[in-house]
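**Q** Sequence plus the predicted model coming up.
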Amino acid sequence: MVRVGIGTDRHRLVAGRKLIVGGIHVEFYKGAQGHSDADVLAHAVIDALLGAAGMGDIGYHFPDSDPKWKDADSMQLMAQTVTILRRMGFEAVNVDASVHLETPKLGPLKMQMARAIADTLKIPRNAVNVKAKTGEGLDAVGHGEAIEAVAVAAVRFDQAILDEENKLRGTKVTLPAV
Ligand SMILES: [Zn+2]
């Protein structure tokens, strides 16, 4: 059984913050504002994965009201999301994502981002695709005020993963009715 999910995210760009996208540091005089490292791409991918598995969203699993997630490395949250999915018998199949940023151009960094995400999700590198677009001078992205990301993810349910996780934890978790 393969299921798909979508994730979107947007952060305000402000001076004095590092710009981290898909776990990669992008040289820029502004960065994304947020409680964690504000990695817009990582957040969209996490939401897409959780959505595909029918397991809520990033705010439910990693609430920004929790000081534990202050300046958190969002790729670590993605790694934890893999664990959350596995406990329900799911694993990622592929991810397709688009990052919307006026400047700087993400160019060759797109490949590095895709690799970082694939390695975190423990899936083949060609199973993650990252695209980049500008805002064409329009709206918050086009005015250089925001960075956005959209991601679609597919996950696969595998009874063997669920059995392995149940064995590891000595608990019995069954797939919720869908
Ligand atoms: Zn976010």
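**A** That came through fine.
**Q** Is whichever residue of the chain sits closest to the ion in a helix, a strand, or coil?
**A** Among all residues of the chain, residue 43 sits closest to the ion, at 3.4 Å; criterion: C-beta to the ion. Heads up, the C-betas are built off the backbone N, CA and C, glycines and all. Under DSSP: H, G, I helix; E, B strand; the rest coil, the three-state class of residue 43 is helix.
**Q** which SS state does the spatially closest residue to it that is not a sequence neighbour fall under?
**A** Excluding the flanking residues, the one nearest residue 43 by C-beta to C-beta, 6 or more residues apart in numbering is residue 9, at 4.1 Å. Here residue 9 is strand, with the state taken from three-state DSSP.
**Q** residues contacting residue 9?
**A** By C-beta atoms under 8 Å, 6 or more residues apart in numbering, residue 9 lies in contact with 40-41, 43-44, 47, 148-149.
**Q** run the last query once more with 7 Å
**A** By C-beta atoms under 7 Å, 6 or more residues apart in numbering, the residues touching residue 9 are 40, 43-44, 47, 148-149.
**Q** Report how many residues lie close to the residue of the chain closest to the ion.
**A** By other C-beta atoms under 10 Å, the residues close to residue 43 number 28.
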